[in-house]
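Trainee: Give me a 3D structure for the following:
(one chain, ligands or ions: 1)
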Amino acid sequence: MVGIGVTLLDLVDSHVHLHEYGESWGSYCGRFTMLAVSDDLQSSLRTVEMARHCPTVVPAVGVHPWSISEGLDIVKLARGLEELLEVGNVRFLGEVGLDRVFTPGTSSHQLRVFEAVLDLASRYGAGLSVHAAGAWREVLDLLRRYGIRVAIFHWYTGPLDLLEDVVAEGYLVGVNPALRIQRKHEDVVRAAPLEAIVTESDGPYVYRGLRLGPELIGELLVRVAEVKGVEVREVAEVVRRNFARALSRVGLSPRLGQG
Ligand SMILES: [Zn+2]
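Mentor: Numbering: from 1, shown residues only. Sure, this is the predicted structure:
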């Protein structure tokens with residue numbers, strides 16, 4: 001089987017809410033290779049549609065833990081996501097996971113939704129872009145239990161002593177431009193091996209006055225290089241290789257592009 005082609009550029013954004021950019025999303029196409037995550041079923045449809053029009057967009061479908069209400073119909077959601085995995089040739093689920101910090105009120109329903117998503121990922125061999133605020137160990141345990149092979153821990157700010165286990169499973173650690181102002185994140189970048197790091201923006205989210213977006217990826221590579229004490233070019237190459245490996249492992253065919 002020939003995988004779906006993805007054009008791989010020098011600048012990788014492994015977690016961006018492209019559907020929130022309205023019509024201006026197109027300005028990023030061809031400049032960044034992006035794993036475009038979704039927040040709910042409706043934005044998942046939009047994300048799949050954008051990817052159809054742009055070879056540097058990899059679509060991820062799913063429901064964000066913040067979008068989960070007690071009334072969310074899990075059976076209907078799972079059916080909708082499964083349709084996209086089948087018909088839309090989607091190979092990633094995201095943004096999915098658990099949040100025990102910002103939305104603890106829906107904890108038990110979040111877990112039920114995440115388990116439905118994990119079941120889909122396991123059956124389809126799909127990768128995950130995971131949100132795990134305050135639930136880093138719990139999410140790692142669940143990924144292992146469901147036999148998930150490809151997962152990116154988006155904006156990792158979890159325990160440093162858990163990183164070794166995350167990396168040992170072959171999972172990737174998402175590094176965000178918040179590195180500029182978030183001390184905890186700098187500790188993560190220092191502790192994580194470069195071979196487990198991928199860059200991301202989480203755009204268009206605003207963090208402590210910093211408007212995140214793909215345009216910050218270049219600067220992020222420079223900062224990661226400073227923290228790791230290596231050349232920027234080396235960081236860019238290793239990140240691209242790490243991301244390419246994740247794509248290949250879920251059946252996509254990354255091809256080097258100009259950019
Ligand atoms: Zn996000």
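Trainee: which bits of this structure sit near the ion?
Mentor: On the criterion Cβ under 5 Å from the ion, the ion has as its neighbours in the chain the residues 95, 202. In this view, the C-beta of every residue, glycine as well, is placed from N, C-alpha and C.
Trainee: What ranges does the chain have for its helices?
Mentor: In order along the chain, the chain carries the following helices (DSSP state H): 41-53, 74-87, 107-124, 136-145, 163-168, 183-191, 217-228, 232-249.
Trainee: So, low pLDDT: which residues of the stretch 1-150 of the chain?
Mentor: Filtered on pLDDT under 70, the stretch 1-150 of the chain yields the residue ranges 1-3.
Trainee: residue in it nearest to the ion?
Mentor: The nearest approach of the stretch 1-150 of the chain to the ion comes at residue 95, 4.7 Å away (Cβ to the ion).
Trainee: Report how many residues lie close to that residue.
Mentor: Other residues near residue 95 come to 25 when the count uses other Cβ atoms under 10 Å.
Trainee: show me the contacts for the residue found closest to it once you drop the neighbours it is linked to in the chain.
Mentor: Distance criterion Cβ to Cβ, 6 or more residues apart in numbering; nearest residue to residue 95, sequence neighbours excluded, is residue 37 at 4.2 Å. Taking Cβ atoms under 8 Å, 6 or more residues apart in numbering as the criterion, residue 37 is in contact with 15, 16, 17, 47, 60, 62, 64, 94, 95, 129, 154.
Trainee: State the distance from the second one to residue 249.
Mentor: Per Cβ to Cβ, to the nearest Å, residue 16 is found 21 Å from residue 249.
Trainee: ok, those two, which is more surrounded?
Mentor: residue 16 (28 against 14).
Trainee: from what I can see that one touches residue 29, true?
Mentor: No - look at residue 16 against residue 29 with Cβ atoms under 8 Å: they stay out of range, at 11.7 Å.
Trainee: how near is the residue in the stretch 101-250 of the chain that the ion sits nearest to to residue 162?
Mentor: Here the stretch 101-250 of the chain gets closest to the ion at one residue, residue 202, 4.5 Å apart by Cβ to the ion. Spatial separation of residue 202 from residue 162 under the definition Cβ to Cβ is 20 Å.
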